[in-house]
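> requesting a structural model of the entry that follows:
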Amino acid sequence: MSRDLTEALKAMGYVDTGLPALVESFPPGVVEYLREFRTQEVRDIIETLLYIYIAQNSSSSRGEGMGVVEQSCYAYTSGPLFALAEVGLIESSSRHGTTVVRVTPAGEGIARPLTEARIRALDLRTLARETHEVVPALLAGTVRGSYVNKTFPSSLPRTEETFIGFLLNNNPALFEECERFAARLKAAGCAVLAHAYDLDGAGVGGVVYTFPAEFAYILKGMLEAIDPEVREHYDMLLESFHSTFTVLRYLACGEDCDRIRASATHRRELSRVLSLIADSIYVLEQAPQDDGVGLARFIVKDRDRYDAHLRDLGRALMADVAAKIVIGRPAPAAEPHPAEGEASPVPKMANTATSVPPAEEGAEPEEDRWDDAVFADDEEEEAPPPPPPAPRRIVAPRPAPEPVAEPPRPGGLDIFLGHAQGGHRVNWSPGRLNNGHMIILGGSGAGKTETIRCIASELAAQAMPVVLIDFHGDMAASTGSIRSYKIREGGEYFFNPLELDPAIDEITPLRATSDFVDAISINFPTLGIQQRRKIKNIIKDCYRMSGITGNTATWTRVLDFDDIEGEIMSCEDEAIPAYLEDIFDYKLFSGEEKISLPTILSGGITHINLNALPENLRYLFADLFLRRIYYTLQATGEIPRGAGDEREKFRLFVIVDEAKLLVSQKSGSKTAIKAVLNKYATEMRKFGVSLILASQLIAHFNEEILANIAVKFCMRAENKKQAQENAKFFEVSEKDLLNFRPGEGILIIGSEKMNVRIVPSSGRKV
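Here you go, the predicted structure:
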């Protein structure tokens, strides 16, 4: 057996007794090819193959897997994709400007036994015992796709076009149970987060949990472990709800007619519902069917009354679902009423999102207005004058001049944000949430920059390390201790993305090369495949000429970027020097003083100021710098589970303004993804990283990122279009977003939603 292949499979959790059979599933040519790679690289290649094998099972309108979008395969950058393609384990095709990847029959021959081994390792009876009985029944009967082709939304559905969307929208506790089950399978390597791609359409669906074709075995084992009477009860209950939902959808939008014709149950339900709304329709005839259950034909005689009836029936069905599918949870302990003079406690998370409290009537008192000058983002483009105040708007109460600090929780990490309606303090406690990530939205002048400064200062005051990735040079606080690195032409500060460290064996010469070329191709999307390959080969040659090999003993040697410049600039392909000329002219990765990651991780605020660079070099530097942070923390290992002290869950807080620039490519395609932030939102939390991402629109973040961010804060919109997009996601009115004062916003923490007013630096003591 191949030693590296065996070691890689062991590292992936496969048991020793099954290793010989699994290694046998690898063709000899593939085994020989993998000998060129280190164990960690072999593991990455195999994990990427398994990801594609599972992800291509995302259901489409045809009920079968069509493939997986290439950009969502960047779990380990493009190196493994290249290796898999070289040995014929994956193939790709381009549809509607999107590259879709599938495993070949040879790749399936390897991936199937590996996936089956993971499923056999699952303790299905324990999983069934710890999962609410309705979850497997729901997944077996209602999730889109065929029985062996299952997907599940990774974030709460925003529409009710499908029955499962209807259920999950109206029963968030049920969604949490299903999501918890899907997340457990993902942690066991039996599910992935992927883009569902539909070849019948022109684009990519939302990010979903995708299960492998072998998912049927998991469901079968779980259903068998459920009490037969309980299972039958839920089967009948869900079928009843589904019949009513299908009929209401047909009556509302004329869809599912064929299903109603084919199903006697649906036709009976249609007759029942039509009898309830008889005063708004004319029944023309009852078309007979072979099974004796007719299909009523009708016309609407009173459209307003008809629509009102359908809304009432929909609400009744919601109430019926809520009453009969109950996910029991322990009631939260009652909060003690604070004594006079004490701060109000931070509100606990509710199981369902609460509505924004109704706005007060009348104009806002002058003393309740926030100081616009404090929150104005002076360095941003001048904001247009705000629209005239609406007669009805959300008013946040005035905070006390001197906010009273709460006593610190033992082992807690509470970051003071501001005040909610009612005057109580609002803290962000990342250690108590599923993840420590946050997004901040708002237009120019909304107060994003001041909010970022306040959060950074609060974190630094609690000895937490913070990195500010600043594209515009305006994020650093004017006061306080801060390390600032201005990256500019001929500047003294730099970092070398091709430098190796024997202590970080995740960054091999091959991976460093792949990452560098990957970042180049993302920021220069017109760079061709052959040109990328030539750049990769030049760098590999430079490593060899510097005496750097796969042996970690050689990694203390330095690959000077000036050497690479000489080789690149003398390349016979003139396009390559043209692309990379700015990198060398600006001496982007060479200088006098190297930025020290150990210093950054030691604590305090580190400001990476990229304002002096051309636009494309800013994003390239940020991309590669974030990758280096990722590998450095990966080398320290995952955060131990069950850490009592919340501070121990976090090693670094990374704040990125204009985060859209590291998510969406400049190709204009809404489906294109920059791998760097997508990967970090899903992967870095287990290594102790919290991401705080700021932008203008919720649309700048795809569903994969949103599904992995626990806190979302939406501030004032700059214009009506911006307000429309953000208001839809946060379920507030556009008028509210347009009329917020600087520093005001809608805050979602977990499942709770509230109006919050940020306390600026001048009003807090840090």
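
> remind me, longest helix of the protein?
Using DSSP state H to define each element, the chain has its longest helix at helix 228-253.

> which residues are contacting the helix or strand just after it?
Later in the chain than helix 228-253, the nearest helix or strand by DSSP states H and E is helix 257-262. With contact meaning CB atoms under 8 Å, 6 or more residues apart in numbering, helix 257-262 is reached by 246, 247, 250, 266, 267, 270, 289, 295. Yep, even glycine has a C-beta here, placed from its N, CA and C like the rest.

> hmm, 6 Å instead?
250, 266, 267, 270, 295 (CB atoms under 6 Å, 6 or more residues apart in numbering).

> after it, next one along is what?
helix 264-276.

> tell me which element the nearest residue to residue 684 once chain neighbours are set aside is part of?
Leaving aside its sequence neighbours, residue 684 sits nearest to residue 630 (CB to CB, 6 or more residues apart in numbering; 6.0 Å). Assessed by DSSP H and E, residue 630 sits inside helix 615-635.

> after the helix or strand of the chain with the lowest mean pLDDT, which helix or strand is next? Please name it.
Sorting the helices and strands of the chain by mean pLDDT, DSSP states H and E puts strand 392-393 at the bottom, at a mean of 34. Downstream of strand 392-393, the next assigned helix or strand under DSSP H and E is strand 415-420.

> please name every helix or strand in contact with the very next helix or strand once past that next one.
Later in the chain than strand 415-420, the nearest helix or strand by DSSP H and E is strand 425-428. Contacts defined by 3 or more CB pairs under 6 Å, 6 or more residues apart in numbering; DSSP states H and E place strand 425-428 against strand 415-420.

> relative to the strand it packs on, what are the paired strands and their orientations?
strand 425-428 (antiparallel), strand 752-758 (antiparallel) (DSSP bridges).

> using CSV, list the CA coordinates for the next helix or strand after the first one.
So that's strand 425-428. For strand 425-428, the following helix or strand on the C-terminal side (DSSP H and E) is strand 438-441. Extracted in CSV, the C-alpha atoms of strand 438-441 (Å, rounded to 0.1, in the frame of the first residue of the first chain):
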residue,chain,number,x,y,z
MET,A,438,-20.8,39.6,11.9
ILE,A,439,-21.8,41.7,8.9
ILE,A,440,-22.4,45.4,9.0
LEU,A,441,-24.4,47.0,6.2
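
> show me what counts as buried in stretch 584-593.
Going by neighbour count (16 or more other CB atoms under 10 Å), the buried part of stretch 584-593 is 584, 586, 587, 588, 589, 590, 591.

> cool, stretch 80-91 as well?
80, 81, 82, 83, 84, 87, 89, 90, 91.

> and if you look at stretch 540-551?
542, 543, 546, 548.

> give me the residues contacting stretch 600-614.
456, 460, 463, 465-473, 476, 481-488, 618, 621.

> so for that stretch, mean pLDDT?
Here stretch 600-614 scores 88 as its mean pLDDT.

> send me it as PDB with only the CA atoms.
This file holds the C-alpha atoms of stretch 600-614, laid out as PDB (Å, rounded to 0.1, in the frame of the first residue of the first chain):
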ATOM      1  CA  ILE A 600      -0.400  40.500  15.400                       C
ATOM      2  CA  LEU A 601      -1.700  37.500  17.300                       C
ATOM      3  CA  SER A 602      -0.200  38.800  20.600                       C
ATOM      4  CA  GLY A 603      -3.000  41.300  21.000                       C
ATOM      5  CA  GLY A 604      -4.100  44.900  20.200                       C
ATOM      6  CA  ILE A 605      -5.200  46.400  16.900                       C
ATOM      7  CA  THR A 606      -3.200  46.000  13.700                       C
ATOM      8  CA  HIS A 607      -4.200  48.300  10.900                       C
ATOM      9  CA  ILE A 608      -3.300  47.100   7.400                       C
ATOM     10  CA  ASN A 609      -3.700  50.300   5.300                       C
ATOM     11  CA  LEU A 610      -4.000  49.500   1.600                       C
ATOM     12  CA  ASN A 611      -5.200  52.900   0.400                       C
ATOM     13  CA  ALA A 612      -2.000  53.800  -1.400                       C
ATOM     14  CA  LEU A 613      -2.100  50.800  -3.800                       C
ATOM     15  CA  PRO A 614      -3.900  50.500  -7.100                       C
END
